[in-house]
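1. I would like the atomic coordinates for the input below:
(one chain, ligands or ions: 1)
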Amino acid sequence: MVLRNKTIELIETRLCEPLNQHMLRTSRLGLHAEGLLFLIELHQRKEFTDGFMNLAGYYSQSQQQKHRSHLITLEMQKAVKESHTDPLTGIANRRAFDEHIRDVWQSAIADRRPVVMFSADIDHFKLINDHFGHSRGDEILIQVAQCLDKVLSRDNDVVARVGGEEFAMVLPDTQLDGGQLMARTAVTAIEMLNIPHPASLVADWVTISLGCSWCQPRPGDNVTELIVAADQALYFAKKAGRNCASYMDVSQQNVALISPWIR
Ligand SMILES: Nc1nc2c(ncn2[C@@H]2O[C@H](COP(=O)(O)OP(=O)(O)OP(=O)(O)O)[C@@H](O)[C@H]2O)c(=O)[nH]1
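-> Just a heads-up that it's a prediction; the model follows:
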């Protein structure tokens, strides 16, 4: 197979050897225009014109190289996926979340659409570990992560584990009232899992507190404002008694705290 005008980058030269007196063979690792990695061979012939040496050549790819290229691409995709996944819960990790929310923010500015972010935290999680042990704590983290992931199931919603018992969520194209509704749904869904938490100071089952921030960003606005506001809202939810949601409106000039929703 001969590739023409498809290479956008040659990443490295792996091997360069003379085939005979006139031919040179070079193995290269490249990146295709479609984002696939490939192994390829460059065959070059030495030609002498007017005492100068020219190298005329062509690229080719054998079946074996094609197969190997495919394997490299799969390995790379797997590595990218792993670097964006929380190994315990299987949901997105902080890195994936940070990348995603920045993309969402840019699209929201371009399309003049609103964005909602949640910051959530399991209430008195330390007491779960103390009472049941760390491995039961891990199981509960998985259950909570899966539940939040199910609740926020639109294509572009992302639920991530961003700390020990901390979760962050981004809901693109969502108005404040829609965010408030989803916040209440998420808090209620965790309660309805009915996971015993006899040591909790809030209820006999596992609960979460949730901070929700909302913004309709404009060019020049910084996504950090939305993230900080969600964390502040979470702080207020904890202060308001836990097992509840609190909201921040990150409007153009000021950040306003809206009354929390208490269970
Ligand atoms: N089982 C388990 N525990 C974890 C993991 N990561 C962090 N933790 C624990 O999570 C607990 C967090 O405790 P705190 O930050 O005090 O918060 P909390 O007890 O949930 O209290 P509030 O947030 O104020 O309701 C600590 O005891 C950590 O050891 C983990 O991966 N697995």
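
2. going by C-alpha atoms from here, please, whenever you check contacts or count neighbours.
-> Fine.

3. the closest residue to the ligand within the stretch 151-263 of the chain: what secondary structure?
-> The stretch 151-263 of the chain approaches the ligand most closely through Gly164 (3.2 Å), counting by CA to the nearest ligand atom. The three-state assignment at Gly164 reads coil, by DSSP: H, G, I helix; E, B strand; the rest coil.

4. please renumber so the chain begins at 27
-> Okay, using 27 as the starting number, the last item reads as Gly190.

5. quick one, phi psi at it?
-> Per-residue torsions, Gly190: phi -50, psi -70 (degrees, to the nearest 10).

6. and what of the one 3 residues further on?
-> Its backbone dihedrals place Phe193 at phi -130, psi 150, with angles given as degrees, to the nearest 10.

7. so it touches Ala146, yeah?
-> Yes - Phe193 is within contact range of Ala146, at 5.1 Å (criterion: CA atoms under 8 Å).

8. ok, these two, which is more surrounded?
-> For the pair Phe193 and Ala146, the greater number of neighbours falls to Ala146 (31 against 24), based on other CA atoms under 10 Å.

9. and the host helix or strand of Gln169, what does it pack onto?
-> According to DSSP states H and E, Gln169 maps onto helix 160-177. Applying 3 or more CA pairs under 8 Å, 6 or more residues apart in numbering; DSSP states H and E, one finds that helix 160-177 contacts helix 151-158, strand 184-187, helix 202-218.

10. report the distance from that helix to the chain centre.
-> Relative to the chain's own centre, helix 160-177 is displaced by 18 Å; criterion: CA atoms, centre = their mean, to the nearest Å.

11. list the buried ones in it?
-> 163-164, 166-171, 173-175, 177 (16 or more other CA atoms under 10 Å).
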